[in-house]
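# Got a predicted model here, sequence first, then my questions.
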Amino acid sequence: MIVTYRQFIVKILIFTLIVFVIAATLFSTVLKPWYFAAYPYQILLIAVVTTFGHLLVLKAAGQNTRKFTTAYMASVTLKLMVYLTFMLVCLLIDHSQAIPFALTFIVFYISYTIFEVYLVLSHIKKHSKISL
């Protein structure tokens, strides 16, 4: 199981680096008028929260279906609460860039969610007793 955790951490670091490079390139060229200073923090927050949520789900996937389902739903709920809190705090501090902030956050959230779901499904198909 530790090998699986390490593999995920390496994969999410690579994915985060790719997302950061793409975002930095877009914000320095095409999306220059929409640049805002908090986008690196968005990426960092989503990567960290996704990592902890995914590790929780991986641990539960090795057990039974009920624990997996509970862990997955708890992970999603906690992530959404953390994300909404982060968005509210950032938008209360500086609401002048609300639209670029929200749109960028949604794009990052969807990207990381697709990444995580793909890895969870592939892990379950290979290693788990849970049937899909």
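Here it is on my side, so go on.

# average model confidence for stretch 66-73?
Averaging pLDDT along stretch 66-73 gives 89.

# That should have said stretch 33-53, apologies.
Stretch 33-53 comes out at a mean pLDDT of 92.

# next one: stretch 84-94
Averaging pLDDT along stretch 84-94 yields 93.

# Repeat that for stretch 15-30.
The predicted model assigns stretch 15-30 a mean pLDDT of 96.

# how about that stretch: buried residues?
Using 16 or more other CB atoms under 10 Å as the test for burial, stretch 15-30 gives F15, T16, V19, A23, F27. Bear in mind the C-beta positions are built from the backbone N, C-alpha and C, glycine included.

# again, but for stretch 76-91
K79, V82, Y83, F86, M87, C90, L91.

# Secondary structure element holding A37?
Per DSSP states H and E: A37 is located in neither a helix nor a strand.

# ok, now A71?
A71 belongs to helix 65-93 when elements are defined using DSSP H and E.
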